[in-house]
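S.K.: need a structure here:
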Amino acid sequence: MTWIFLTLFATFMQAWRNAFQSQLSENLRTSAVTLARFIWAGPLAALYLYLLYYFLPTAIPIFPPKYWLYLCGAAVMQITATSLMVILFKMKNYAIGAGLAKSEAVVAAVLGVVFFGTSLSLTGWLGILLGAIAVFYLSMAGGIKSVSWPIVAIGLACGSSFAIGSLWIREACLSLHIGFPYSAAWVLLMLVCMQTLILLGYLLLRDKQTLKFLWQQPKLTVLTSVSSCMGAIAWISAMSIQNVPYVKTLGQIELFFTMLISVYWLKQKPKITDILGLVLIAVAAVLVILA
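M.R.: Got it, this is the predicted structure:
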């Protein structure tokens, strides 16, 4: 049951992270908003790893070459996915942007089975497919004619990038052979540091002015990084002990938290279609837990 509680906590923190990023995206460029997710997460990830070894000491793992390959690939995929998510926020309202990115669950299922040897039960497949239908239903709530197909394409690309990154993160955890929670902690620290260096280097070379703007938004930047890091600890830990498609399908419960934030913080009114979509997602989550 550990992965279930970790996933639920991760979805709660990610919903807040997306809300903070949505606010940042109103005044900052995509690259700056993406960096806000990682810039203060490194010290928190280092502190988490230190506390693990302080209270529950164990051996330092050996880092095989495939670990670094998976890590580099995951870092690039997560940066790409986060950037696409921010673009969605700029093009569409907050709830729809987050909903379109939830296509990652079914993409992770297909790619996991084909390329990573993931084994899924029939009940699990039903839950994953029902979750995908629910996400599609929420995204198309305004009717097929009201849909902007470029936004759908970006949403699917975002979800696919998240899915591939998650599959590679799980493989990186498994390659360390030290088990939960240490493998997840090592992957998190290295991943966040790598992503921060990549984005900082890019902005220092191409857009120093954006860094100044980011520095002028300290509260939202810190809140984004902290919520992102706490969510990432839970996400990676859950994926280190359970198949990615199951974790991501249960993670669609995030849309429930997203809607609450949209209503009470961003002051956006929910629709009947949103509620029906959430009911489908709840059923999908139950099926995945039973699987």
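S.K.: looking at the protein, which helix or strand does the model trust least?
M.R.: Using mean pLDDT, DSSP states H and E, helix 94-101 stands out as the lowest-scoring helix or strand of the chain, at a mean of 59.
S.K.: Find the nearest non-adjacent residue to I289, please.
M.R.: I4 (6.2 Å; C-beta to C-beta, 6 or more residues apart in numbering). C-beta coordinates here come from the backbone N, C-alpha and C atoms, glycine included.
S.K.: Distance check, the one you found against G231.
M.R.: 15 Å (C-beta to C-beta, to the nearest Å).
S.K.: where in the stretch 1-150 of the chain is pLDDT low?
M.R.: 91-101, 138-148 (pLDDT under 70).
S.K.: mind listing the helices in it by residue range?
M.R.: Ranges of helices in the stretch 1-150 of the chain, per DSSP state H, counting those that start in this stretch, are 2-24, 30-38, 41-55, 65-91, 94-101, 104-115, 122-139, 149-176.
S.K.: Flag every buried residue along the fourth one.
M.R.: Read that as helix 65-91. For helix 65-91, the neighbour count (16 or more other C-beta atoms under 10 Å) marks 67, 70-89 as buried.
S.K.: Repeat that for the last one.
M.R.: Within helix 149-176, the residues that qualify as buried are 151, 154-176, counting by 16+ other C-beta under 10 Å.
S.K.: Beyond that helix, next helix or strand please.
M.R.: Where DSSP states H and E defines the elements, the next helix or strand beyond helix 149-176 is helix 182-206.
S.K.: got the angle between that following helix and helix 149-176?
M.R.: 130 degrees (axes from the mean of the first three to the mean of the last three C-alpha atoms, to 10 degrees).
S.K.: average pLDDT for helix 182-206?
M.R.: In this model, helix 182-206 has a mean pLDDT of 91.
S.K.: gap between the helix or strand that comes right after it and the chain center?
M.R.: As assigned by DSSP H and E, the chain's next helix or strand after helix 182-206 is helix 208-215. In terms of C-alpha atoms, centre = their mean, to the nearest Å, the centre of helix 208-215 is set 24 Å apart from its chain centre.
S.K.: So for helix 208-215, what gets flagged as buried?
M.R.: Neighbour counts using 16+ other C-beta under 10 Å place 210-211, 214 of helix 208-215 among the buried residues.
S.K.: From L255, how far out is the closest residue to T82 other than its chain neighbours?
M.R.: Leaving aside its chain neighbours, T82 sits nearest to T34 (4.7 Å; criterion: C-beta to C-beta, 6+ apart). Here T34 is placed at a distance of 22 Å from L255 (C-beta to C-beta).
S.K.: When the two are compared, which one has more neighbours?
M.R.: More neighbours surround T34 than the other of T34 and L255, with 28 against 25 (other C-beta atoms under 10 Å).
S.K.: returning to that earlier point: out of I4 and G231, which sits in the more crowded spot?
M.R.: Counting neighbours by other C-beta under 10 Å for I4 and for G231 shows that G231 has the greater number, 24 against 16.
S.K.: following the helix or strand containing that one, which helix or strand comes up?
M.R.: Per DSSP H and E: G231 is located in helix 218-241. Moving toward the C-terminus from helix 218-241, the next helix or strand (DSSP H and E) is helix 244-250.
S.K.: This completes my enquiry, with thanks.
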